[in-house]
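*Asks:* any chance you could fold what I've pasted below:
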Amino acid sequence: MIVVMVPAAFAFDTTRRPVRIGVLHAPDAYDERVSALVNRLLREELRKRGFDAFDTNMTFDEAARDDGNAADFYVEIEGGAVDSDNAGGVAFGGRSVDVSLDVVVARVAADLRVYDGATMELIATESLRKQSAALLPTSIGVGGYDAFAVFAMPFVERAHARSVARNAARDAASRVALAIRQ
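*Replies:* Residues are numbered from 1 along each chain as shown. The predicted model follows:
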């Protein structure tokens, strides 16, 4: 009995590669940490969609002057402001423990631009706006009648803001995918 495996060998197409998307740095980032966070989250979301997304370590002007355009497309997020506000809250407690719950509103605002990698021509521009409000614990107090200590929990607000930034990055990745497939 002879088994032929030739058709299976041709099933693998080694000439196709994933679309390469370079994520550019904004020239005047509002906040470097926020910009880096949004760019990292965008790369992660693009990779989840099957793109080969990478950090270019360049601005648009630097990429336009670079002769070795390594990307099929470039993406730039300008703005990337992530802020969080406390819109009020309530505290409650007992003899030795108090908890403060606040309504925390986190917002992300940025402009998304998609460029053709070969010509650096602007293909699409979108305005990203995400907002979320949540009732979150922001401090815990412990003690008694003689002494009392309150511990703030700013990490809760930061985690909420990161969650909104991730939602904005997910939305941006969807918009990039639509822009390059048109």
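
*Asks:* span of stretch 45-56 from start to end?
*Replies:* One end of stretch 45-56 sits 16 Å from the other (C-alpha to C-alpha, to the nearest Å).

*Asks:* how about residue 90: which residues does it bridge to?
*Replies:* residue 101 (DSSP bridges).

*Asks:* contacts only, for residue 164.
*Replies:* The contact partners of residue 164, by C-beta atoms under 8 Å, 6 or more residues apart in numbering, come to 82, 106, 107, 108, 130, 131, 132. The C-beta positions use only the backbone N, C-alpha and C, and glycine is treated the same way.

*Asks:* just put these in JSON lines and tack on pLDDT and neighbour count.
*Replies:* Putting these into JSON lines (pLDDT from 0 to 100; neighbours: other C-beta atoms under 10 Å) gives the following:
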{"residue": "82", "pLDDT": "69", "neighbour count": "24"}
{"residue": "106", "pLDDT": "83", "neighbour count": "24"}
{"residue": "107", "pLDDT": "82", "neighbour count": "18"}
{"residue": "108", "pLDDT": "81", "neighbour count": "27"}
{"residue": "130", "pLDDT": "82", "neighbour count": "20"}
{"residue": "131", "pLDDT": "82", "neighbour count": "12"}
{"residue": "132", "pLDDT": "82", "neighbour count": "15"}
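
*Asks:* adding distance to residue 178 and secondary structure, write these out as a markdown table.
*Replies:* Formatted as a markdown table, the contacts of residue 164 follow (distance: C-beta to C-beta, whole Å; DSSP: H, G, I helix; E, B strand; the rest coil):
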| residue | distance to residue 178 | secondary structure |
| --- | --- | --- |
| 82 | 24 | strand |
| 106 | 25 | strand |
| 107 | 24 | strand |
| 108 | 19 | strand |
| 130 | 17 | strand |
| 131 | 22 | strand |
| 132 | 23 | strand |
